[in-house]
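Asker: Kindly generate the corresponding structure for this input.
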Amino acid sequence: MLTERQLLILEAIIRDYTDIGQPIGSKALQQQLPIHVSSATIRNEMAFLERQGYITKEHSSSGRIPSIKGYRYYVDNIVKPTKLDKQSLGSIRHSFDSEFLKVDEIVEISARILSDLTSYTAIMLKPESTDLRLEGFRMVPIGNQQVMVILVASDGTVESQIFTIPQGISGDELELVIRVINDQVVGLPLNQVITKLHTALPILTQYLKHPNGFLDIFGSVLDKAVREQVYVGGRMNLLNFAQSNNVEQLKSLSALLNHVPNIDELIDANKDVSVRFGYELTDKVLANYSLISATYDDGHNGEGLIAILGPTNMPYAKMLGLLGAFRKELTARLIDYYHNFEG
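Answerer: Next comes the predicted model:
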């Protein structure tokens, strides 16, 4: 258990290091601590914190920098989120003033806004939409025996996919298939659509030689509409904190950013607000990074996740404060969207 003085010194070292990125010495600490302490006493306390593994010496400098153990103790026991300033809060609210056609647009633009505010990589996970209903279905011929399957969900989400139809099906037969599907499943919850279509197989078989293949395509489009979707803003920001002379790290980071579905594995979905450090993340290439994540409620389908991925020495108090304010505004915007959509 650290004493109050040791806590103040650890907090000051972390705060200064995240500001200037340089080792912090006893003289600098003496000038800013809220209590009067001699330089010798500060050096003794720093030596204790170093022995306990909370801070470490970098090279031959007399100053100290936080260790991962120090950061972990800081975010678990000391840090207090900074209240967002009026200008930043106003910027967030202004960004959400646009008229959005669907939830995906709100979540996607949120990733960009958060990335712009932090200069880090922002990750947004859309909640699963398990209670959505199928509002509309169309198949649009596009030539060469191909049609575009278009599904419209009750929250305005539109998903589409190209499907190759068997040879010999006429336009009239295709219209009959569309009519059967509309009669059978439009208005049903999305998670019941495929089950219902399977019961309609005898009817579809009259028009499609391989209806199971069609149902597979239909199912994949439905899955795309329902499942959690990941949006990333500021992908390239992650490279700003890599070691420029480490070619392998740069390659690995680029590969990570190109495989978005894997990123959500980094996030701890079991906590309302979570800070995870490099050694706690699933990908070793992120050893010098940290990820702050928080849940948000869309007021309709449940919880999604919002996160920022940046360097270990990010200003945690500021980022936690910003993330808290941001998710509050995002939740308000989503609740307003659903209220207007259903109204």
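
Asker: which residue ranges form the strands in this protein?
Answerer: 55-57, 64-66, 121-125, 134-143, 146-153, 158-164, 230-233, 273-277, 289-297, 303-311 (DSSP state E).

Asker: can those go into a markdown table with extra columns for mean neighbour count and mean pLDDT?
Answerer: Using the backbone N, CA and C atoms, a C-beta is placed for each residue, glycine as well. A markdown table is the format used below for those (neighbours: other C-beta atoms under 10 Å; pLDDT from 0 to 100):
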| stretch | mean neighbour count | mean pLDDT |
| --- | --- | --- |
| strand 55-57 | 18 | 93 |
| strand 64-66 | 23 | 94 |
| strand 121-125 | 26 | 88 |
| strand 134-143 | 14 | 81 |
| strand 146-153 | 18 | 80 |
| strand 158-164 | 15 | 76 |
| strand 230-233 | 19 | 84 |
| strand 273-277 | 19 | 91 |
| strand 289-297 | 22 | 89 |
| strand 303-311 | 23 | 89 |
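
Asker: now the ones you listed in JSON lines, with distance to His94?
Answerer: Shown next, in JSON lines, are the strands of the chain (distance: least, C-beta to C-beta, whole Å):
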{"stretch": "strand 55-57", "distance to His94": "41"}
{"stretch": "strand 64-66", "distance to His94": "35"}
{"stretch": "strand 121-125", "distance to His94": "17"}
{"stretch": "strand 134-143", "distance to His94": "31"}
{"stretch": "strand 146-153", "distance to His94": "29"}
{"stretch": "strand 158-164", "distance to His94": "27"}
{"stretch": "strand 230-233", "distance to His94": "17"}
{"stretch": "strand 273-277", "distance to His94": "25"}
{"stretch": "strand 289-297", "distance to His94": "19"}
{"stretch": "strand 303-311", "distance to His94": "19"}
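
Asker: For the nearest residue to Arg333 once chain neighbours are set aside, give me its contacts.
Answerer: Nearest-residue entry for Arg333: Phe96, 4.5 Å, with adjacent residues in sequence omitted and distances by C-beta to C-beta, 6 or more residues apart in numbering. Residues counted as contacts of Phe96 (C-beta atoms under 8 Å, 6 or more residues apart in numbering) are Ile106, Ile113, Glu329, Leu330, Arg333.
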